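Engineer: Test case, fold it:
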Amino acid sequence: MNDRWMQGPQFLYMKEEDWPYTSRENYHAISEVVSVIPTSKFESWGKLLRVTAYVCRYMDALRGIKRENLALSSEVFQRAERVLYRHIQAESLLSELEFAASLRKVAKKTAQCSSIILSMKPYLNENGVMRSMSRINNAKWLNIYTRHPVILPDNNRATRLLIRHYHDKFRHIVVNEIRKKYFIPKLRQLLIRVRKHCFRCKMNVAKATPPEMAILPEVRVSAFTPPFSYSTVDYGGPFDIVHGRKIEKRWICLFTCLVTRAIHIEIAYTCSTDSFILCYRNFLCRRGTVRKMFSDRGTNFIGAEKLLKTT
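Structural biologist: As a prediction, this is how the structure comes out:
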């Protein structure tokens, strides 16, 4: 094993005056935090904001600013938001940013004359963030973000992450919530793109495809036949009834015509074969003979079929 790993560097055994000295003249400070954060590698606005807040706190530690609470406070998050705003504006709105900073005709010529940003009367606040001078400036009861919204471009990736964050948080009132704090051109078009890639929105607007209906059997479309010529039968219940001073169970024997959808109801005392035969005889006496009768595989129906075939 290397001796340097176990014993440390050799200059530590010498006097402090003999230690090697490295000049710091070549070191330079990072003016913007975002310059060390690749914003293109983030998939959510919350994670981008949180990482920027950690970097801001690390930069404060390098400057000698000590904090008792190591948790991220609201002040650190607000500072991270301002840093991201400046980075987004400097990346996509450079000419408009120069116009808002200098307010000279030269800077206005460098910007596009048809720019929507210039029509919003942009200006830079004390934090270097470009905001809009709206017409509701005198409404002091409103938030500063509502009176002077932050101007963000529509063609920046971080802006799309911000819109997706609001979309996941508020769903149906996204435009109202975003405009309380930001001014983004073509906001509704960006929201349409976000909804197209949102799985939950796809599920909400998806329409169920109805199944293809099968061809009706011949017994269902047999015209010019008496009612109940083609019938089905089934049981329903049991139902509790009061018989004297006792509570007994009764069933409904339901006969249905397959052509006219007419129904005939008989009362069955039990689920036995004899009880069904009694109901079937009453049905034949009232409705006439039946050409075909359909039922499920109940034991009372199977027993009645065997009994009717033998008689």
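Engineer: ok, the strand or helix carrying T256: who's next to it in the sheet?
Structural biologist: Assessed by DSSP states H and E, T256 sits inside strand 246-257. As defined by DSSP bridges, the strand partners of strand 246-257 come to strand 230-243 (antiparallel), strand 263-268 (antiparallel).
Engineer: mean confidence for the longest one?
Structural biologist: Averaging the model's pLDDT scores along strand 230-243 yields 90.
Engineer: Identify the residues contacting it?
Structural biologist: 219-220, 222, 247-259, 268, 271, 280, 290-296, 298, 300-301 (CB atoms under 8 Å, 6 or more residues apart in numbering). Bear in mind the C-beta positions are built from the backbone N, C-alpha and C, glycine included.
Engineer: That one: which residues count as buried?
Structural biologist: 230-231, 233, 235 (16 or more other CB atoms under 10 Å).
Engineer: Using PDB, write out the CA atom coordinates for that strand.
Structural biologist: Output of strand 230-243 as PDB, limited to C-alpha atoms (Å, rounded to 0.1, in the frame of the first residue of the first chain):
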ATOM      1  CA  TYR A 230     -90.000 -18.400 -28.700                       C
ATOM      2  CA  SER A 231     -89.500 -17.700 -25.000                       C
ATOM      3  CA  THR A 232     -86.900 -17.800 -22.300                       C
ATOM      4  CA  VAL A 233     -87.300 -18.600 -18.600                       C
ATOM      5  CA  ASP A 234     -85.400 -17.800 -15.500                       C
ATOM      6  CA  TYR A 235     -85.900 -17.500 -11.700                       C
ATOM      7  CA  GLY A 236     -85.600 -14.400  -9.500                       C
ATOM      8  CA  GLY A 237     -85.400 -14.200  -5.700                       C
ATOM      9  CA  PRO A 238     -85.900 -15.500  -3.100                       C
ATOM     10  CA  PHE A 239     -88.300 -13.000  -1.600                       C
ATOM     11  CA  ASP A 240     -89.600 -13.200   2.000                       C
ATOM     12  CA  ILE A 241     -93.400 -13.100   2.400                       C
ATOM     13  CA  VAL A 242     -95.600 -13.300   5.500                       C
ATOM     14  CA  HIS A 243     -97.900 -16.400   5.400                       C
END
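Engineer: Just confirm R287 contacts F228, I think it does.
Structural biologist: Yes: between R287 and F228 there is a contact under CB atoms under 8 Å: 4.3 Å.
Engineer: These two - which one has more neighbours?
Structural biologist: Taking other CB atoms under 10 Å, R287 and F228 do not tie; F228 has more neighbours (24 against 17).
Engineer: give the contact list for the more buried one.
Structural biologist: By CB under 8 Å, 6+ apart, F228 lies in contact with 255, 257, 262, 264, 283, 287-288, 290.
Engineer: what about N300, helix or strand, and which?
Structural biologist: N300 belongs to helix 299-310 when assigned by DSSP H and E.
Engineer: so what does that helix touch, helix or strand wise?
Structural biologist: helix 273-287 (3 or more CB pairs under 8 Å, 6 or more residues apart in numbering; DSSP states H and E).
Engineer: List the contacts of the helix it packs on.
Structural biologist: Contacts with helix 273-287, where a contact means CB under 8 Å, 6+ apart, come from 227-228, 233, 253, 255, 264, 266-269, 290, 299-301, 303-304, 307.
Engineer: one more time with 10 Å
Structural biologist: Applying CB atoms under 10 Å, 6 or more residues apart in numbering, the external contacts of helix 273-287 come out as 226-229, 231, 233, 235, 251-255, 257, 262, 264-270, 272, 290, 293, 295, 298-308, 311.
Engineer: just stretch 49-61 next, same as before
Structural biologist: With CB under 10 Å, 6+ apart, stretch 49-61 has contacts from 29-30, 32-34, 36-37, 39, 41-42, 44, 65-67, 70-73, 75-84, 87, 158, 161-162, 165.
Engineer: so where do the strands sit in the stretch 1-150 of the chain?
Structural biologist: Applying DSSP state E, counting those that start in this stretch to the stretch 1-150 of the chain gives strands spanning 122-124, 130-132, 150-151.
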